[in-house]
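In: Quick one, structure for this:
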Amino acid sequence: MERHELYESVVAAGAKLVPINGEAYRGSLTANGTVDAHLFPGRSAHDVAAVKLIVEEAGGRVTDLRGEEQKYNNKIYGAIVSNGLFHDQLVGLLNKFGPDNFIGY
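Out: Next up, the predicted model:
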């Protein structure tokens, strides 16, 4: 399955998808409730380590694209960053479509 199928599934579930650049900025928007969730397709731990702390302190959740906890001292396996309310649903969608299809750089 391809990325666009995941996006279509998310939109069908009622989500509004808006492209926003900058992981720290996206994390801030998630932490303050402006957006409910976002996906980080990268492998760079430094892009997500601070976001994890900020979002989790605000009550959200951050896992890898498989829904598992990860360490930030090596390359990571992307990230699902959410307010926590439908995090498990996002994990399920990504697992359905294959999280390997979403890892970028």
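
In: Which secondary structure elements does the helix or strand where Leu53 lies sit against?
Out: Element membership for Leu53 (DSSP states H and E) is helix 45-57. With contacts taken as 3 or more CB pairs under 8 Å, 6 or more residues apart in numbering; DSSP states H and E, helix 45-57 sits against helix 23-31, strand 37-40, strand 61-63, strand 79-82. Yep, even glycine has a C-beta here, placed from its N, CA and C like the rest.

In: Please identify the most buried of the ones you listed.
Out: When neighbours are counted by mean count of other CB atoms under 10 Å, the highest per-stretch mean among the helices and strands packed on helix 45-57 falls to strand 79-82, a mean of 25.

In: what packs against that one?
Out: So strand 79-82, by 3+ CB pairs under 8 Å, 6+ apart, packs with helix 23-31, strand 37-40, helix 45-57, strand 61-63, helix 87-97.

In: Output the below-cut-off pLDDT ranges for this protein.
Out: Across the chain, the ranges flagged by pLDDT under 70 are 1-3, 105.

In: repeat that for 90
Out: 1-21, 93-94, 96-105 (pLDDT under 90).

In: for it, which residue is closest to the average position?
Out: The centre of the chain sits closest to Ile80, judged by CA atoms, centre = their mean, with a distance of 2.1 Å.

In: my guess is it meets Leu90, correct?
Out: Yes. Ile80 lies in contact with Leu90 (CB atoms under 8 Å); the separation is 5.3 Å.

In: Now the common contact residues for those two.
Out: Ala37, Leu39 (CB atoms under 8 Å, 6 or more residues apart in numbering).

In: Of the helices and strands packed on helix 45-57, which is nearest Asp47?
Out: helix 23-31 (4.4 Å; CB to CB).

In: How about residues contacting that closest one?
Out: Defining contact as CB under 8 Å, 6+ apart, one finds that helix 23-31 is touched by 20, 35-38, 40, 42, 47-48, 50-51, 54-55, 57-58, 60, 81-83.

In: What is the distance between that helix and the centre of its chain?
Out: Remark: helix 23-31 is offset 11 Å from the chain centroid, using CA atoms, centre = their mean, to the nearest Å.
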